[in-house]
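Visitor: Here you go, sequence then predicted model.
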Amino acid sequence: MPSDMICTYCRLAFQVGWFHYHKYTDHPTASYLVCTNCGTMHLIEFGRTEPISVGTQAGYLLRFLMVLGARLVGRRDADFPREPKATGMPDRLSAQPCPIHVGEDITQEHIHVCIPENLSEWIECGELADLRPWRKGPSCEITEGCKDPVLLNELLCNYCKTKGCLTDEWPLTFKVCPHCGKKTIEHCGSWMT
């Protein structure tokens with residue numbers, strides 16, 4: 001559920017948080033990220049995960065049981081197989097060209113409409129095959145990427161080029177603006193898809 005944030009001093013505005021699309025696509029869900037150094041919005045679109053086939057799961061279980069049996073009879077050199085990993089479409093990272101600032105006439109009640117109107121075209125930063133190394137197939141397509149740990153610490157901000165500064169959440173108690181440094185960030189609301 002993305003949150004709308006605004007700095008009441010410099011008028012920086014951004015959205016941060018996970019959401020899903022209402023259309024069939026190879027990337028059914030996404031998460032708005034924000035740079036904690038400059039305030040630039042980024043977007044990760046999560047690629048659909050293919051479930052692990054029943055045959056692969058059965059083969060893993062059979063190998064696991066064979067190794068367990070070998071170890072029970074004293075063979076310590078038998079190695080347990082690796083658990084199969086889910087695969088699928090790579091995730092995509094995009095960014096706004098710079099931080100977004102809104103005019104003085106925009107009220108906090110209207111910021112959720114204003115931010116999308118002020119977005120420039122997203123700059124594609126590339127596909128990321130290893131962003132979710134512990135990827136699990138979701139129980140439902142619209143929850144893709146929702147529970148998977150995402151490795152953001154290796155990503156660079158597309159604007160300020162700072163490494164490890166992108167976040168997909170903004171604690172309501174954190175008031176420091178990433179752009180001007182003043183304690184004037186306000187949470188204007190959240191929305192659901």
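Guide: That came in fine, so what should we check first?

Visitor: What is the least confident helix or strand in the chain?
Guide: strand 87-88 (a mean of 68; mean pLDDT, DSSP states H and E).

Visitor: Neighbouring strands - and their directions - for the following helix or strand past that strand?
Guide: Following strand 87-88 in sequence order, the next helix or strand is strand 91-95 (DSSP states H and E). Sheet pairing of strand 91-95 (DSSP bridges) gives strand 41-46 (antiparallel), strand 123-128 (antiparallel).

Visitor: for the first one, what is the average pLDDT?
Guide: Looking back up the chat, that one is strand 41-46. In this model, strand 41-46 carries a mean pLDDT of 93.

Visitor: Check the last one too.
Guide: Per-residue pLDDT over strand 123-128 has a mean of 88.

Visitor: Export only the CA atoms of that strand, formatted as CSV.
Guide: This file holds the C-alpha atoms of strand 123-128, laid out as CSV (Å, rounded to 0.1, in the frame of the first residue of the first chain):
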residue,chain,number,x,y,z
ILE,A,123,13.9,6.0,-17.1
GLU,A,124,14.6,2.3,-17.5
CYS,A,125,17.6,1.3,-15.3
GLY,A,126,17.6,-2.4,-16.4
GLU,A,127,16.5,-5.8,-15.5
LEU,A,128,17.6,-7.4,-12.2
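
Visitor: buried ones in that strand?
Guide: Buried residues in strand 123-128, defined by neighbour count with 16 or more other C-beta atoms under 10 Å: Cys125, Leu128. In short, each C-beta sits where N, CA and C put it, glycine included.

Visitor: Can you get me a residue count around Thr8?
Guide: Here the number of neighbours of Thr8 (other C-beta atoms under 10 Å) works out to 13.
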